[in-house]
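Asks: got a structure for you, letters missing:
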């Protein structure tokens with residue numbers, strides 16, 4: 001299986017396991033800048049040079065040797081499951097993507113037909129009942145993850161623990177896992193632990209949000225989208241994420257973690 005979703009700087013200063021919807025665009029650009037002294041011109045996900053990625057065939061041997069030998073500092077980043085699934089809904093389901101099309105072609109028509117979801121019209125700009133549609137989307141996300149119907153789960157809403165575990169199961173070990181919610185503090189730990197060709201001041205780094213402007217703005221506070229049933233569904237899907245990355249399941253209004261991440265616990269539970 002190797003190391004899907006793994007990126008590494010060309011200098012091999014640092015290795016990062018991408019977790020979708022967890023500041024991955026910003027992290028990738030910081031890695032690119034640390035080697036080249038400039039940001040990639042465009043969406044870092046589209047870069048096919050200047051950085052090693054598992055999706056690039058010529059990079060795979062280098063990444064595999066590095067990760068198995070733990071030659072470089074390795075990290076990943078996580079996000080509150082409530083805000084992550086909400087972000088996936090507004091970006092991937094309601095939004096128009098960079099290529100001008102709906103995400104995954106026939107996915108949105110399928111959701112409109114089978115689950116009665118509204119997405120704000122052809123361009124995502126019409127008024128619609130965001131809460132009702134989001135809760136129906138949550139049923140769909142649960143169906144894909146629990147039963148792989150009506151399709152396989154998507155990387156943007158499948159559990160973070162699943163993404164993070166492939167790295168461990170195949171022989172990697174993380175030196176650091178930090179929270180999107182305290183991004184600068186967590187990323188600074190990474191930068192302080194590696195030798196960068198170019199110095200980075202995190203206060204000056206722009207936030208590269210590839211989903212910005214794709215979909216409608218969230219019209220309500222996070223907690224308004226989650227009633228008892230949707231909280232139950234979220235816990236069914238993301239129990240390991242809440243437990244391992246120390247987020248507050250009981251209170252969707254609290255996006256901040258409630259304890260420190262225990263790296264040994266993560267490796268023990270996700271390495272089984």
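Replies: Cool, got the structure. None of the values given here were measured: they were computed from a predicted structure.
Asks: What score does residue 211 have for pLDDT?
Replies: Looking at residue 211, its pLDDT reads 61.
Asks: Report whether the expected contact of residue 95 with residue 215 is present.
Replies: Yes - at 2.9 Å, residue 95 counts as touching residue 215 under the criterion of C-beta atoms under 8 Å. Just so you know, the C-beta spots here come from the backbone N, C-alpha and C atoms, and that holds for glycine as well.
Asks: shared neighbours of these two, anything?
Replies: By C-beta atoms under 8 Å, 6 or more residues apart in numbering, residue 95 and residue 215 have these common neighbours: residue 124.
Asks: Surely residue 198 forms part of a strand?
Replies: No - looking at residue 198 with DSSP: H, G, I helix; E, B strand; the rest coil, it is coil, so not inside a strand.
Asks: Any figure for the gap between it and residue 191?
Replies: 11 Å (C-beta to C-beta, to the nearest Å).
Asks: Pick out whichever of the two has more residues nearby.
Replies: residue 191 (18 against 11; other C-beta atoms under 10 Å).
Asks: Just the endpoints, please. Distance across stretch 140-154?
Replies: In stretch 140-154, first residue to last residue: 11 Å (C-alpha to C-alpha, to the nearest Å).
Asks: Mind listing what's buried along it?
Replies: Across stretch 140-154, burial judged by 16 or more other C-beta atoms under 10 Å covers 140-145, 153-154.
Asks: Settle this for me: residue 178 is touching residue 188, isn't it.
Replies: No - the criterion here is C-beta under 8 Å, and residue 178 misses it with residue 188 at 9.3 Å.
Asks: out of those two, which sits in the busier spot?
Replies: residue 178 (23 against 14).
Asks: Now name the helix or strand holding the more buried one.
Replies: In this assignment (DSSP states H and E), residue 178 forms part of strand 176-179.
Asks: Now do the residue lying closest to residue 182 once chain neighbours are set aside against residue 222, distance only.
Replies: Distance criterion C-beta to C-beta, 6 or more residues apart in numbering; nearest residue to residue 182, sequence neighbours excluded, is residue 256 at 7.8 Å. Distance, residue 256 to residue 222, using C-beta to C-beta: 12 Å.
Asks: likewise residue 101?
Replies: 28 Å.
Asks: who has more neighbours, those two?
Replies: Neighbours of residue 101 and residue 222, each counted by other C-beta under 10 Å, are more numerous for residue 222; the result is 15 against 10.
Asks: Contacts only, for the more buried one.
Replies: 82-83, 86, 252-253, 255.
Asks: ok, which pair from the residues you listed is furthest apart?
Replies: For those, the maximum inter-member distance is 12.5 Å, found between 86 and 253 (C-beta to C-beta).
Asks: more neighbours, the two?
Replies: Comparing residue 86 with residue 253 by other C-beta under 10 Å, the one with more neighbours is residue 86, at 22 against 11.
Asks: Please give the element, helix or strand, for the more buried one.
Replies: With DSSP H and E as the test, residue 86 turns up in helix 81-88.
Asks: what mean pLDDT would you report for that helix?
Replies: 96.
Asks: Following the chain past it, name the next helix or strand.
Replies: helix 107-115.
Asks: and after that following helix, which helix or strand comes next?
Replies: From helix 107-115, the next helix or strand downstream (DSSP H and E) is helix 130-147.
Asks: Point out the other helices and strands that the helix or strand just after that following helix packs with.
Replies: Next helix or strand after helix 130-147 toward the C-terminus (DSSP H and E): helix 160-169. In terms of contacts (3 or more C-beta pairs under 8 Å, 6 or more residues apart in numbering; DSSP states H and E), helix 160-169 is packed against strand 14-17, strand 73-78, helix 228-245, helix 263-270.
Asks: Tell me what angle helix 160-169 forms with strand 73-78.
Replies: Counting by axes from the mean of the first three to the mean of the last three C-alpha atoms, to 10 degrees, helix 160-169 lies at 170 degrees to strand 73-78.
Asks: Alright, calling it a day.
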